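In: got a predicted structure plus its sequence, pasted below:
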Amino acid sequence: MDRDIYDPAFVKDVFDRCSDRYITFSLICSMGFTERWRRQCVAAMPAPRPGGARGYDLMAGTGEAWPHLLKRFGDIGAITAVDISSGMHRRAMERLHAHRAHRIEFIEDNVLASDLPPESADFVISTFGLKTFKPEQHAQLAALIARVLKPGGVYSMIEASDPKGWWLRYLYLFHLKVVLPLVERVFLRGAQDFAMIGTYSTNFGSAAGVAAMLRNHGLQVEYSRYFFGCATGVAGRKLAE
Ligand SMILES: C[S@@+](CC[C@H](N)C(=O)[O-])C[C@H]1O[C@@H](n2cnc3c(N)ncnc32)[C@H](O)[C@@H]1O
């Protein structure tokens, strides 16, 4: 029987298996674009309140967004990272960010079933965490963001997308759907986990749907396309009443 690739338990397994190689693979196979897009995602976020802002990094992975976040907003008080994958969690805290541990808390949880408290965040950031959700799950995520942000709170999210209309689109899709799975099979002893990431990205389309959902919750939304639409993002603010 075919498995539901949007079942959180399935997604957790994929990332648990990828976690040891995730950073290297993502950096090399995107030719540095993922790092650039994380930086641009942080740059697109309006400034959170100064002096000790607290917020969430949703689908935090191994904490790839934190250096960018803490570089741009040095006075952030605390980041609570949420991720469903134990492998990503372990990698994040053991080795990569031990020196930042005093400002970071990690919650291993499914954001779609999250009971994060209302109005508890000055900011919400999320890099490359949208693609493993289908539209109903994006709606749940949009509701969560609207709920957890304090009035005046800010957010930014980015995701690899399908660059529809770009003349090199087929080359990009070839890279995602053929080259990456091949590299993985050859260099990672037949694994097929990163091949799944290509499938998720092309199914995702763009962040335009998420932008509309956030607007429906009354959030201010700026929609952006990066590098001919190979990534798209949303950023904005929950307006103070
Ligand atoms: C492609 S990685 C992105 C990691 C990181 N933010 C980055 O910039 O590379 C997607 C992450 O989303 C997490 N994830 C997927 N579904 C989730 C869910 N329902 N709840 C929490 N985390 C989830 C995965 O475990 C994985 O670590």
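Out: Perfect, thanks for sending it.
In: which parts of the chain sit against the ligand?
Out: Counting by CB under 6 Å from any ligand atom, the residues of the chain close to the ligand are 8, 11, 15, 26, 38, 59-61, 64-65, 82-85, 88, 110-112, 127-129, 132. The way it works is simple: take the backbone N, C-alpha and C, and place the C-beta from them, glycine included.
In: which ChimeraX command selects the buried ones in those residues?
Out: Applying 16 or more other CB atoms under 10 Å to the residues of the chain next to the ligand, the buried members can be selected in ChimeraX as follows:
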select :8,11,15,26,38,59,60,61,64,65,82,83,84,85,88,111,127,128,129,132
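In: what's the longest helix in the protein?
Out: Longest helix in the chain, counting residues (DSSP state H): helix 135-148.
In: which helices and strands does the next helix or strand after that helix pack with?
Out: Later in the chain than helix 135-148, the nearest helix or strand by DSSP states H and E is strand 149-160. Packed against strand 149-160 by the contact rule (3 or more CB pairs under 8 Å, 6 or more residues apart in numbering; DSSP states H and E) you find helix 33-44, strand 121-127, helix 193-204, strand 219-226, strand 231-238.
In: and strand 149-160, how far out from the chain middle?
Out: For strand 149-160, the separation from the chain centroid amounts to 11 Å (computed by CA atoms, centre = their mean, to the nearest Å).
In: next: stretch 65-79.
Out: Relative to its parent chain, stretch 65-79 has a centroid offset of 16 Å by CA atoms, centre = their mean.
In: now do the end-to-end distance for it.
Out: 11 Å (CA to CA, to the nearest Å).
In: which other residues reach it?
Out: For stretch 65-79, contacts defined as CB atoms under 8 Å, 6 or more residues apart in numbering pick out 38-39, 41-43, 47-48, 50-57, 81, 97, 100, 103-105, 123, 125-127.
In: in stretch 134-154, what's buried?
Out: Quick answer for stretch 134-154 (16+ other CB under 10 Å): 137-139, 141-142, 144-150, 153-154.
In: same question for stretch 171-184.
Out: Tyr172, His175, Leu176, Leu180, Pro181, Val183, Glu184.
In: tell me the mean pLDDT over that stretch?
Out: Averaged over stretch 171-184, pLDDT sits at 82.
In: any stretches of this protein with poor pLDDT?
Out: Within the chain, the segments meeting pLDDT under 70 span 1, 22, 27, 95-96, 187-194.
In: residue of it nearest the ligand, please.
Out: Gly61 (2.3 Å; CB to the nearest ligand atom).
In: got the contact list for the residue nearest to that residue when sequence neighbours are not counted?
Out: Closest residue to Gly61 apart from its sequence neighbours, by CB to CB, 6 or more residues apart in numbering: Met88 at 5.0 Å. For Met88, the contacting residues are Phe15, Asp16, Ser19, Tyr22, Ala60, Gly61, Thr62, by CB under 8 Å, 6+ apart.
In: ok, Ala121 next?
Out: Here Ala121 is in contact with Arg54, Gly55, Tyr56, Val148, Leu149, Lys150, Gly153 (CB under 8 Å, 6+ apart).
In: mind checking the end-to-end distance for stretch 78-92?
Out: 16 Å.
In: quick one: that stretch to chain centroid distance?
Out: 12 Å.
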